[in-house]
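In: Sequence plus the predicted model coming up.
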Amino acid sequence: MSITLYVPRDAVALGLGANRVARALFSGAERRGLDVSIVRTGSRGLFWLEPMVEVATPEGRVAYGPVTPADIDALLDAGLAEGGEHPLRLGDPEKIPFLARQQRLTFHRCGVIDPVSVDDYKAHGGYRGLEAALRLGPEGTVGEVRESGLRGRGGAGFPAGIKWNTVMLAQSHQKYVVCNADEGDSGTFADRMMMEGDPFNLIEGMTIAAVAVGATRGYIYLRSEYPQAFATLKEAIANGIAAGVLGDDVMGSGKSFHLEVRLGAGAYICGEETSLLESLEGKRGIVRAKPPIPALKGFLGQPTLVNNVMTFTATPWILEHGAKAYADYGMGRSLGTLPIQLGGNVKHGGLIETAFGITLREVIEGYGGGTFSGRPVRAVQVGGPLGAYFPDHLLDTPLDYEAMAAKKGLVGHGGIVVFDDTVDMAKQARFAFEFCATESCGKCTPCRIGATRGVETMDKVIAGISPEKNLTVIADLCEVMTDGSLCAMGGLTPMPVMSAITHFPEDFSRAGDLPVAAE
């Protein structure tokens, strides 16, 4: 009897020894005369349980984790092949509370299928969205995206349907679809998980977009720090061309769509769409002034649809199930599901996909299990390095674009980083300025000079040099950066700085108790 085992190839699992576990399973099974096949999947996103091994049984999959090579013999002896009892046995992975409470629309295949198999993707519902788009045509497809309420998941939250409609209506002999996969925010990994675990979902989403807006070429702009995602995407694209879901005649429709992966050079600013396009054209990644917008004049001066990985990967589900089904999730103007990435000082870090409206406290305590250190939560940063720091009394804020904005925060790409009560918020505020100074493209003065002066001034505050006066300078500096920067790099840097000063003033006044140095 052939036994099918599933071992993740996700970067986190690899870092925790998944390849060694797979080799140990092969050799252990061989010694016992077992006929074993191992499918290398993505991760389901329960990172504290990685590497999580699953076995197919007549009753369904049974999971074990976290597994090390030293556990393999004991697992096989305990009847791993039949889902036998063992201290590492987790049972049906779908019933693990962390996963069972989620509403997985975008990530429902991640960790389940062979990422580079077109057949496995189709067997789990893949390409039904594209089939629907081909039936609906461009106007109908764009209408579904618009009616679904899908907003850009990269951070800006701009309605996707409006952007798609603008590119569809633009007149040009050549249009492009570009995926912003330059996932650089601290505490974010949803894009990477998707590209490593279910790349055809992204490929299908981009193909749907191409059919809708009239594009024939597409590019995935990938951050250079994702070598596993790069290799997986290239293999998936090659397999997609061979299977006829990419190329000159997509699924026999007569539509052409050619897709390439391009590696960035590691610049955070290239997560901004116009800097990304500059880099994609082989130039230095510098922000372009707008207008014109990329939807009208983007890559090589042609109409270009630029969306984030999570935006494109939401569209196959929308087209398959309909706009209303998607819009039934969420709240207010934040519709659908949000892939939340929970990290930092937390017991159970990982990927949580659920409808908009869940509170930060529910995420951190209900899913994350509190801090890893066991100490009280003091601060939570939402939305990457340019997101606000929230104290305990704001943790009941719903994860919703408008609710977060009302509290002077942002959802961003859905990354949540937890800090316990040992964190020094003055140093975190300094880090925000330092990060901006390092990553600024340098085009506009408020960002280029403002961030550098911010570091210098914050150093004075931390050293106890006239803290009150220098905090006034910081506030003025932040106002200039917010109002005068060309893009969100400089415009949002004040958000973490001012939220830290507002909510944790004791960390800034404390420095004033120290002996004052000469200015």
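Out: Good, I have the coordinates.

In: and residue 258, that one's in a strand?
Out: Yes - according to DSSP: H, G, I helix; E, B strand; the rest coil, residue 258 belongs to a strand.

In: wait, what's in contact with it?
Out: Residue 258 sits next to 216-218, 246-247 when contact means Cβ atoms under 8 Å, 6 or more residues apart in numbering. For the C-beta atoms, the positions are set from N, CA and C on the backbone; glycine is no exception.

In: Residue 459 now?
Out: residue 430.

In: quick one: pLDDT of it?
Out: pLDDT recorded at residue 459 is 91.

In: quick one: least confident helix or strand in this protein?
Out: helix 488-492 (a mean of 85; mean pLDDT, DSSP states H and E).

In: just to revisit the earlier point, in strands, which of the contacts of residue 258 appear?
Out: The members of these that map onto strands under DSSP state E are 217-218.

In: Which one of the contacts of residue 258 is nearest to residue 402?
Out: residue 218 (31.9 Å; Cβ to Cβ).

In: list the contacts for that closest one?
Out: 176-179, 206-207, 209-210, 257-260.

In: Take those residues and write them to CSV, including pLDDT and distance to residue 100.
Out: Below are the contacts of residue 218 laid out as CSV (pLDDT from 0 to 100; distance: Cβ to Cβ, whole Å):
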residue, pLDDT, distance to residue 100
176, 98, 40
177, 98, 35
178, 98, 36
179, 97, 31
206, 98, 31
207, 98, 32
209, 98, 32
210, 98, 36
257, 97, 37
258, 98, 40
259, 98, 35
260, 97, 38
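
In: which of these are buried?
Out: 176-179, 206-207, 209-210, 257-259 (16 or more other Cβ atoms under 10 Å).

In: Keep only those of the residues you listed that are in strands.
Out: Assigned to strands by DSSP E, the following of the buried ones among the contacts of residue 218 qualify: 176-179, 258-259.

In: tally of neighbours for residue 352?
Out: 30 (other Cβ atoms under 10 Å).

In: Residue 286 too?
Out: Other residues close to residue 286 by other Cβ under 10 Å number 18.

In: Is it part of a helix or strand, or is it coil?
Out: Per three-state DSSP, residue 286 ends up coil.

In: and it, how far is that from residue 274?
Out: According to Cβ to Cβ, to the nearest Å, residue 286 stands 8 Å off from residue 274.

In: Span of stretch 22-39 from start to end?
Out: Across stretch 22-39, the terminal residues are separated by 10 Å (Cα to Cα, to the nearest Å).

In: try stretch 353-362
Out: Terminal residues of stretch 353-362 lie 13 Å apart, using Cα to Cα.

In: List the buried residues in that stretch.
Out: Buried, per 16+ other Cβ under 10 Å, within stretch 353-362: 353-360, 362.

In: Equivalent analysis for stretch 439-449, please.
Out: For stretch 439-449, burial by neighbour count (16+ other Cβ under 10 Å) applies to 439-441, 443-444, 446-449.

In: Just the ones of those in helices?
Out: Judged by DSSP state H, the subset of the buried residues of stretch 439-449 located in helices is 439, 446-449.

In: Mind putting those into TSV with pLDDT and distance to residue 479?
Out: TSV is the format used below for those (pLDDT from 0 to 100; distance: Cβ to Cβ, whole Å):
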residue	pLDDT	distance to residue 479
439	86	21
446	88	10
447	88	14
448	89	17
449	91	14
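
In: out of those residues, who's nearest residue 301?
Out: residue 447 (25.7 Å).

In: and the gap between the closest one and residue 262?
Out: Using Cβ to Cβ, residue 447 is found at 25 Å from residue 262.
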